[in-house]
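Student: my questions concern the predicted model and sequence given below.
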Amino acid sequence: MKILSPLSIVAVTPLLAAWALAQEPEKKPPVAPSARQVFAETEDRMSGARAGLMRDARAHLAERYDLEDRRAPGTTMSAGKPVQAGVRVRLGDGLTWEQLGAMTPDEIRARGAWPLGFMPLAHPNHPEGGMLFPQFHIDEVKRQTDRDLQRFDLDFDIPDRFLPEFPPPIFLTTRPDLGDVSQGKLLTTENFNEIMSGLLNPKQLDGLRLLLTPFPQQQFNATEDRRSARPSLGVACLDCHANGSSNAATHLVGDIRPQEFRHRIDTPALRGVNVQRLFGSQRALKSVEDFTEFEQRAAYFDGDPIAATKKGVNPHDRGTQVHFMSEMQSLFDFPPAPKLGIDGMLDRAKATEAEMRGQSVFFGKGKCSSCHPAPYYTDNTMHDLQTGRFFEPRMLRGHMAVMDGKIKTFPLRGIKDTPPYLHDGRLLTLEDTVEFFSLVAGAQLTEAEKADLVVFLRAL
């Protein structure tokens, strides 16, 4: 038998190894899933969780508030929608509002008596966040334009009865003689020219066109990283500020991190923008022009310029487009208040006794006018309500509820038209608002004084 030499063995071994390798099935490198596959998996997972998320969000609201349909007799918004009445925030520990009002902030905090409904309100899915529209707005925009603002992962949470009327009336600073010029319709790219041509000059009309034109936004865009089933043209300014007012669309502020500390936003009305001087969630912007430009460049994308570039940011020209949009926004006026005189105070010949008493509380014991002076009922600045005096910080549905810090003094003119209230919409009615600020200001108002104050606010 022939014995192989060591050198022969060395020579044959590579051949054997190559032969053995050839017998094994070919191993292909792993293929990364496509962007479309990732989107499909995300949509399937998040749409499957949607019902459970909304069930939890609505259960939380029911724990915070009485959500029954109870209307204020003889009181409607400017276009006729009933105003919801009564204190809706639920009290715990068998307390009454009178007992709570008699306690000091330290006592309220020690007893854990601060009502859940006065705590900061979380986004329906706070870890996810993003723009979210009431269903009535989604349906009307789709009917008119076939543009779909429905998210596959979330629905709006607050019941419609606690939201502004829809579509809101439009009052113009330039034509107060006409009253509501909306013709009872929601302005969109389909109808704005027909409705507003002849009332606006060409520059203003083009500003309105831009305010109604959808542009890419974090959740609504043409990339696979979105929360709409179909690729989306985006979101228009007046998708939140419907008809220059508000539909209570919600979002999270873009300038706070980490995520659990971001505040929910209740969309404020653009009515009366011409008398306001602070804009943006932290009020760092000093003109409506700055705000208009900032929205497109940063706020639409949670303050992330990389996401903005990826998803299609659409910066506007400052000297023309931004100016046109800003001028149009400044034309949206407060609704008429026929009981107010030229100084913004009640005309005694037109007001009821209850309204006059409420005005006295507003400018006196209630301390309201220290932040909300007539005639527009704003001091155009910011105030720290020091709400952290009343409760221990705690996590609520993915949101860390802590003190609010400085918040803008919004105008109170036309306030009954734009519930819910406070910057995050945590106060569903004017009665809730009066109870909240009576405690915050230490006013210790009586039940009769609170009732009169609500009647006065509805007259503004």
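Tutor: Arrived safely, thanks for sending.

Student: average pLDDT for the lengthiest helix in the chain, rounded please.
Tutor: Determined from DSSP state H, the single longest helix within the chain is helix 35-64. Mean pLDDT, computed over helix 35-64, is 96.

Student: again, but for stretch 323-336
Tutor: Average pLDDT, stretch 323-336: 97.

Student: check stretch 417-429 too.
Tutor: For stretch 417-429, the mean confidence score works out to 97.

Student: so what touches that stretch?
Tutor: The set of residues external to stretch 417-429 that reach it, using C-beta atoms under 8 Å, 6 or more residues apart in numbering, is 65, 77-78, 83-89, 117-121, 158, 162-165, 168, 245-246, 248, 250, 263-266, 268-269, 335, 404, 407-408, 415, 430, 432-433, 436. For the C-beta atoms, the positions are set from N, CA and C on the backbone; glycine is no exception.

Student: quick one: buried ones out of the residues you listed?
Tutor: 65, 77-78, 83-85, 87-89, 117-121, 158, 162-165, 168, 245-246, 248, 250, 263-266, 268-269, 335, 404, 407-408, 415, 430, 432-433, 436 (16 or more other C-beta atoms under 10 Å).

Student: next helix or strand past the longest strand out of those in the chain?
Tutor: Using DSSP state E, we find that the single longest strand of the chain is strand 71-76. Using DSSP states H and E, the next helix or strand after strand 71-76 towards the C-terminus is strand 82-84.

Student: check which helices and strands that following strand sits against.
Tutor: Using 3 or more C-beta pairs under 8 Å, 6 or more residues apart in numbering; DSSP states H and E as the contact criterion, the elements in contact with strand 82-84 are strand 71-76.

Student: direction included, what does the strand it packs on pair against?
Tutor: Using DSSP bridges, the neighbouring strands of strand 71-76 in the sheet come out as strand 82-84 (antiparallel).

Student: buried set for the helix or strand following the strand it pairs with?
Tutor: Note on strand 82-84: by DSSP H and E, the next helix or strand toward the C-terminus is helix 97-102. Judged by neighbour count using 16+ other C-beta under 10 Å, the buried positions of helix 97-102 are 97, 100, 101.

Student: and if you look at stretch 250-258?
Tutor: For stretch 250-258, the buried set under the neighbour-count rule, 16+ other C-beta under 10 Å, comprises 250, 251, 252, 253, 254.

Student: to be precise, which single item in those has the lowest pLDDT?
Tutor: Looking across the buried residues of stretch 250-258, the weakest pLDDT belongs to residue 254, with 87.

Student: is it true that that one touches residue 294?
Tutor: No - the criterion here is C-beta atoms under 8 Å, and residue 254 misses it with residue 294 at 9.6 Å.

Student: so where do the helices sit in the protein?
Tutor: Using DSSP H, the helices assigned to the chain run over residues 6-23, 35-64, 97-102, 105-111, 135-145, 192-196, 202-212, 237-240, 288-297, 305-311, 323-329, 353-362, 430-441, 447-459.

Student: put together CSV for those helices, with distance to residue 375 on each row.
Tutor: Written out in CSV, the entries for the helices of the chain read as follows (distance: least, C-beta to C-beta, whole Å):
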stretch, distance to residue 375
helix 6-23, 88
helix 35-64, 34
helix 97-102, 30
helix 105-111, 32
helix 135-145, 31
helix 192-196, 27
helix 202-212, 25
helix 237-240, 27
helix 288-297, 20
helix 305-311, 39
helix 323-329, 20
helix 353-362, 13
helix 430-441, 20
helix 447-459, 13
